[in-house]
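Asks: Let me see the structure of the following:
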Amino acid sequence: MHRTRIYGFFIDTPADRADDTVAFWSAALGTKIHRQPPDDPYWRLVGAASGIQVEVQAVDDAPRYHMDIETDDVAAEVDRLRGLGATVVTDNGSWTVLQAPGGHLFCVVPVQSDRDLFQADSTVWP
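Replies: The predicted structure follows:
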């Protein structure tokens, strides 16, 4: 048995366009920006959604959106999703990038949110 929940929604943007992307999405969503430390590739858009993180991520790739699914058992969740048709793109040890049948990338990560939130808001899988 393991648990999962959507942890976050990420706006991936080429690193050289990150500042403009952060400014746009912060203004569009009416959020404050949190980034720490200054060289972190993530900018959190504080208050964009209730219960999940919304962040801009600087990447060395094409712009896209992706979500992270957090779980208390990464291997079990990856196996479950592979059984549904996802394919593994990159296994980074503690977290995995997968591709859904429609071509969308997403990550399966260890629990990142507050444990109480995770327990209250997660789905239990056999």
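
Asks: all strands of this protein, in order?
Replies: All strands of the chain, identified by DSSP state E, fall at 2-14, 32-34, 42-46, 53-59, 64-71, 87-91, 96-99, 105-110, 123-125.

Asks: distance between the fifth one and the chain's centre?
Replies: Averaged C-alpha coordinates place strand 64-71 at 3 Å from its chain's average position (Cα atoms, centre = their mean, to the nearest Å).

Asks: and the angle from that strand to strand 53-59?
Replies: 120 degrees (axes from the mean of the first three to the mean of the last three Cα atoms, to 10 degrees).

Asks: swap in the third one?
Replies: In terms of direction (the same axes, to 10 degrees), strand 42-46 departs from strand 53-59 by 160 degrees.

Asks: was I right about Tyr7 contacting Glu70?
Replies: Yes: if you go by Cβ atoms under 8 Å, Tyr7 and Glu70 touch, sitting 3.8 Å apart. Where C-beta positions appear, they are placed from N, C-alpha and C, glycine not excepted.
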